[in-house]
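Novice: Have a look at this prediction, sequence included:
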Amino acid sequence: MSVLAPEHLAQLLEDQREVVRSVWLEAASAELRGRTSRGELEREQDELYDALVAGLRSGATDLYSGAFDSLRGILADLSTARARLGFTPRETAVAIFALKEGLYQVTSASAAQLAPLLRLVDDLGLFTFETFAATREGIIAEQSEQLLELSTPVVKLWDGIVAVPLVGTLDSARTQVVMEKLLSTLVETGSEHAIIDIAGVPAVDTQVAQHLLKTVVAARLMGAECTISGIRPQIAQTIVALGIEFGDIRTRASLADALVDALRVDRRAAGQGGSTAVGTGA
Amino acid sequence: MTDVVPILKIGSTLLVSIQTDLQDDTALRLQEDLAEQITRTGARGVLIDISGLEIVDSFIGRMLASIAGISRVLDAATVVVGMRPAVAITMVELGLSLGGVRTALDVERGLRVLAPVEQSPEEVLLAAAQRAGE
Amino acid sequence: MRPGTADGVLTMPVDTDADVVKVRQAVRGLTQQARLSLVDQTKFVTAASELARNTLVHGGGGHVEAQVVSEGRRTGVRAVFVDDGPGIADIDLAMTDGWTSGTGLGLGLSGSRRLVERFVIDSAPGAGTRVEIVSWSR
């Protein structure tokens, strides 16, 4: 007994619509009880079923063929919405696989004849799962980005002076965010002084020190001066022990010292115009 | 036919605003034009606004440093203003420095660098007190 | 080499100063399509500018192939600079900061490598030079 052609399968789905749909709906709502209303589930399944029939009717059984563009679109939207609403992966996938329960009710054709359709449902399930996982990954990425933003507040301390108090471990991704944010704040606020306070940073290694130095040099290229404050005794020791050259970069023990210092420079510069000479470059 | 970057003269300062992506030969031409203009006008300062530049690569970086060097020989100061943050970060990563070129955030601050306003000590103190009172 | 696109690959000649500018602009467009951050866009375009100039000045002209690439959720941009010039005898030496064949600051190759995530150079005396760079969105 050979498999049925896609067009036959489409006809079969139309003819048996009532029974297949009702079993699918039962199975899916048993799984999703309390998560979503029966009416909503029914409407979603309506759309999916119609798109499935339409795709088969145009002769396709491969989920990734153009005939199923609309089906994949509906399914992707559905899975994305479920991932955002906090459905479990199981709930999301089972809602699709439950369609098979409905197909087993079709008595006018054998399972062998229905094989392409059953395979298609498997692919639908996998596709749902992939979309679901991708959405979740996206949410995680978004959140870690937001966390990064939150953990690097650039504040305006005084007219012309901005500061960023760093708290926690610095890695190179985070340092880059800090660097970009600090430099663009200089432009936005027209500030010629920046203070990077590292009192809350537990450790400074060669790489972190390099990032700090680069930020200072980049600020100078833009015409601003940068002070590093909050260098605790242990960190000062590490810096010397590692042989990191801070060169002519201004360092101060506390944020308060750095602020006073910047105000002093500002006052001196008031008569001369503020500017920075980019002497020793990168 | 290469483009020409216009050079404006304001008082004793030459103002160059680079608005578009420079072709290498246009950059070289600007360097020559500036040297000629400094001598001809007796300008004391050159202000180069690069806020329109989306990138500064080693060629443009070298041009800026050369202009500063040439100006220095001709007794004029050079200030480069308006470098974008992304450009500054990239230049540092690339390993480019501007070798002694003065920089400022914007044209206004750049002009202040070139034409310092002489203030008496009293004026400096008054201004500071005013700022603190604001 | 004629400019054109095939399978999303943009092919551009590098035979004049103006071509270098066109390469920069086209590559900038691709980095935006690939949704690179502004800083990463700037880094990639700067690297492309250095490499296109190398192709022109040291390679005696050549071409660039550039395209948006993807891998899972990430999108990125890839550019390949090809010339049939004299090639480079000692790649390690050429990749050193400050090494220059005479006309530049010696930062073209070594500096560009620091601006991108992937940097592959392939060259031999008499066999031309091929440099591939790739950067990814975060």
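Specialist: Noted; the coordinates are in hand. Residues are numbered from 1 along each chain as shown, chains lettered A, B, ... in the order given.
Novice: element containing residue 59?
Specialist: All of this is about chain A. Following DSSP states H and E, there is no helix or strand that holds A:Gly59.
Novice: let's do chain C instead
Specialist: Assigned by DSSP H and E, C:Gly59 belongs to neither a helix nor a strand.
Novice: Tell me the residues of chain A that contact chain C?
Specialist: For chain A, the residues found near chain C under the criterion C-beta under 8 Å from any C-beta of the partner chain are A:Ala134, A:Glu137, A:Gly138, A:Ala141, A:Glu145, A:Ala173, A:Gln176, A:Glu180. The C-beta positions use only the backbone N, C-alpha and C, and glycine is treated the same way.
Novice: show me what contacts residue 78?
Specialist: Picking chain A for this. A:Glu44, A:Leu48, A:Thr128 (C-beta atoms under 8 Å, 6 or more residues apart in numbering or on different chains).
Novice: wait, I meant chain C there
Specialist: C:Ala66, C:Gln67, C:Val68, C:Val69, C:Glu132, C:Ile133, C:Val134.
Novice: so which pair among the residues you listed is furthest apart in space?
Specialist: C:Val68 and C:Glu132 (14.8 Å; C-beta to C-beta).
Novice: Tell me which helix or strand comes right after the helix ranked longest in chain C.
Specialist: Criterion DSSP state H: the longest helix present in chain C is helix C:38-57. Helices and strands here follow DSSP H and E; after helix C:38-57, the next one along the chain is strand C:62-71.
Novice: How about stretch A:139-158 and chain B, any contact?
Specialist: No: Stretch A:139-158 stays out of contact with chain B when judged by C-beta under 8 Å from any C-beta, the minimum separation being 9.0 Å.
Novice: In that stretch, which residues are buried?
Specialist: Residues of stretch A:139-158 classed as buried by neighbour count (16 or more other C-beta atoms under 10 Å in any protein chain shown): A:Thr152, A:Val154, A:Leu157.
Novice: mind putting these in TSV, pLDDT included?
Specialist: Output for the buried residues of stretch A:139-158, formatted as TSV (pLDDT from 0 to 100):
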residue	pLDDT
A:Thr152	75
A:Val154	88
A:Leu157	90
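Novice: Show me where chain A dips below the pLDDT cut-off.
Specialist: Applying pLDDT under 70 to chain A flags residues A:1, A:149-151, A:267-282.
Novice: For the longest helix of chain C, give the mean pLDDT please.
Specialist: Across helix C:38-57, the average pLDDT comes to 94.
Novice: need the helices for the stretch 151-282 of chain A, in chain order.
Specialist: Per DSSP state H, counting those that start in this stretch, the stretch 151-282 of chain A carries helices over the ranges A:172-189, A:206-222, A:233-242, A:255-270.
Novice: so who does the residue nearest to A:Leu213 when sequence neighbours are not counted touch?
Specialist: Of all residues beyond its chain neighbours, the one nearest A:Leu213 is A:Ile249 (6.7 Å), with distances taken as C-beta to C-beta, 6 or more residues apart in numbering or on different chains. Applying C-beta under 8 Å, 6+ apart to A:Ile249 gives the contacts A:Leu213, A:Val216, A:Cys226, A:Ile228.
Novice: between these, which has the most around it?
Specialist: A:Cys226 (26 neighbours; other C-beta atoms under 10 Å in any protein chain shown).
Novice: shouldn't that one be in contact with A:Ala194?
Specialist: Yes: judged on C-beta atoms under 8 Å, A:Cys226 makes contact with A:Ala194 at a distance of 4.5 Å.
Novice: Identify the contacts common to those two.
Specialist: Common neighbours of A:Cys226 and A:Ala194 (criterion: C-beta under 8 Å, 6+ apart): A:Ala219.
Novice: which SSE is residue 134 in?
Specialist: Here I'm looking at chain A. Assigned by DSSP H and E, A:Ala134 falls within helix A:115-150.
Novice: wrong one, chain C
Specialist: strand C:129-136.
Novice: Remind me what that strand packs against, helices and strands.
Specialist: helix C:38-57, strand C:74-83, strand C:118-123 (3 or more C-beta pairs under 8 Å, 6 or more residues apart in numbering or on different chains; DSSP states H and E).
Novice: do the one helix or strand C:Ala26 maps to and chain A meet?
Specialist: Secondary structure from DSSP H and E places C:Ala26 in helix C:17-33. No: using C-beta under 8 Å from any C-beta, helix C:17-33 stays clear of chain A, with a minimum separation of 15.9 Å.
Novice: so which of the helices and strands packed on strand C:129-136 is the most packed in?
Specialist: Most buried of those by mean neighbour count (mean count of other C-beta atoms under 10 Å in any protein chain shown) is helix C:38-57; its value is a mean of 26.
Novice: Now do that one against strand C:118-123, angle only.
Specialist: 10 degrees (axes from the mean of the first three to the mean of the last three C-alpha atoms, to 10 degrees).
Novice: Go ahead and measure how far helix C:38-57 is from the middle of the chain.
Specialist: From the chain centre to the centre of helix C:38-57 is a distance of 6 Å (C-alpha atoms, centre = their mean, to the nearest Å).
Novice: ok, and does that helix reach over to chain A?
Specialist: Yes: applying C-beta under 8 Å from any C-beta, one finds that helix C:38-57 is in contact with chain A at C:Leu38, C:Val39.
Novice: can I have that helix written out in PDB, keeping just the CAs?
Specialist: Provided in PDB are the C-alpha atoms of helix C:38-57 (Å, rounded to 0.1, in the frame of the first residue of the first chain):
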ATOM      1  CA  LEU C  38      28.000  51.400  16.100                       C
ATOM      2  CA  VAL C  39      31.500  50.800  17.500                       C
ATOM      3  CA  ASP C  40      31.800  47.400  15.800                       C
ATOM      4  CA  GLN C  41      30.600  48.900  12.500                       C
ATOM      5  CA  THR C  42      33.200  51.600  12.800                       C
ATOM      6  CA  LYS C  43      35.900  49.100  13.600                       C
ATOM      7  CA  PHE C  44      35.000  46.900  10.600                       C
ATOM      8  CA  VAL C  45      34.700  49.700   8.100                       C
ATOM      9  CA  THR C  46      38.100  51.100   9.300                       C
ATOM     10  CA  ALA C  47      39.700  47.600   8.900                       C
ATOM     11  CA  ALA C  48      38.100  47.400   5.400                       C
ATOM     12  CA  SER C  49      39.500  50.800   4.500                       C
ATOM     13  CA  GLU C  50      43.000  49.800   5.500                       C
ATOM     14  CA  LEU C  51      42.800  46.500   3.700                       C
ATOM     15  CA  ALA C  52      41.300  48.000   0.500                       C
ATOM     16  CA  ARG C  53      44.100  50.600   0.500                       C
ATOM     17  CA  ASN C  54      46.700  47.700   0.800                       C
ATOM     18  CA  THR C  55      45.000  46.000  -2.100                       C
ATOM     19  CA  LEU C  56      45.400  49.200  -4.200                       C
ATOM     20  CA  VAL C  57      48.800  50.300  -3.100                       C
END
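Novice: how far away is A:Ala194 from chain B?
Specialist: Per C-beta to the nearest C-beta, to the nearest Å, A:Ala194 is found 11 Å from chain B.
Novice: who in chain B is up against chain C?
Specialist: B:2, B:21-25, B:54-59, B:61-62, B:84-87, B:89-90, B:93-96.
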